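Enquirer: Need the 3D shape of this:
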Amino acid sequence: MREKTLSDLIVEQCAPTLAGMKCGSLFNYHHQKSADARQEICDWNERLNPFGLFLEALDWREGSVLVYVYRKKDLDQRLREEGIAELLADFGYPGTEPGECLRHLKSRLLEDDFPHEIGVFLDYPLGDVLGFIENRGMNCRLCGMWKVYCDQCEALELFKKYKKCKEVYWKLYQQGRGILKMTVAA
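Expert: Predicted structure coming up:
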C-alpha cells in the first residue's frame with residue numbers, strides 16, 4: 001500500500017472543513033524530506049487561499065509534520081465566541097486574532113505534546129473542550145471524533161454529518177474529482 005499523499009490527507013481528514021461545516025481540521029503528514037513537504041504546503045496554500053482556506057504547519061518532527069487546515073474567517077468567528085477568549089487567556093494566548101493564536105498554539109505544541117485547548121481550533125463544542133481539560137480526558141459521556149462531556153445528541157449528529165461528508169468527499173476524490181472542485185468558497 002502506498003504512503004498517503006498530502007492531497008489524500010486533505011480530503012480524508014479535512015472534508016468537513018473543505019465543505020464549510022467546521023472551521024478547522026488537523027492531521028499528521030509523514031514525508032521523506034521537510035523541504036518537499038514545505039513546498040507542498042506552500043503550493044496547496046496558493047490553490048486554497050482564494051477559497052478562504054489555509055494550511056499551517058504547526059509542529060515539525062522527524063519525518064512528519066502536524067498540519068492544520070482552516071477557514072480563516074470561520075476561525076476568527078470561533079475565537080470570538082463567548083467563553084473562548086477566557087479559556088485561551090488561561091493558557092497564555094495574547095488575544096483572539098487568528099495569526100497570534102496560531103503562533104501561540106505552535107509554541108504550546110513545543111511545550112506540551114498536545115495542548116488540550118486545541119479542540120477550540122477544531123470546532124469542538126466549548127463545553128467538551130472544558131470537560132476534557134477539567135477531567136483530564138477521563139469520565140466522558142461519549143467517545144467519538146472527540147470526547148463528549150455535554151450534549152451527546154448534538155455530538156452524535158455532528159459525528160454522523162462529518163462521517164458522511166468524509167465518505168462522500170473520499171468517494172468523489174477516488175473518482176477523480178479535484179480538491180478545488182470540492183471546496184466550498186468562504
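Enquirer: starting at the chain centroid, how far to stretch 114-124?
Expert: 8 Å (C-alpha atoms, centre = their mean, to the nearest Å).
Enquirer: Next, the residue nearest the centre of the chain: phi, psi?
Expert: Central residue of the chain (C-alpha atoms, centre = their mean): S25, 1.9 Å from the mean position. For S25, the backbone dihedrals are phi -140, psi 160 (criterion: degrees, to the nearest 10).
Enquirer: How much space separates it from M145?
Expert: Note on S25: its distance to M145, by C-beta to C-beta, to the nearest Å, is 10 Å. Using the backbone N, CA and C atoms, a C-beta is placed for each residue, glycine as well.
Enquirer: Which parts of stretch 109-119 count as buried, going by neighbours?
Expert: 109, 115-119 (16 or more other C-beta atoms under 10 Å).
Enquirer: of the residues you listed, closest to I179?
Expert: Top of the list for closeness to I179, among those and by C-beta to C-beta, is I118 at 23.8 Å.
Enquirer: how about the closest one, what does it touch?
Expert: Going by C-beta atoms under 8 Å, 6 or more residues apart in numbering, I118 touches 26, 105.
Enquirer: Same question for R78.
Expert: 23, 84, 120-121, 123.
Enquirer: need these in JSON lines with pLDDT, can you?
Expert: Shown next, in JSON lines, are the contacts of R78 (pLDDT from 0 to 100):
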{"residue": "C23", "pLDDT": "98"}
{"residue": "I84", "pLDDT": "97"}
{"residue": "V120", "pLDDT": "98"}
{"residue": "F121", "pLDDT": "98"}
{"residue": "D123", "pLDDT": "97"}
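Enquirer: Okay then, goodbye and thanks.
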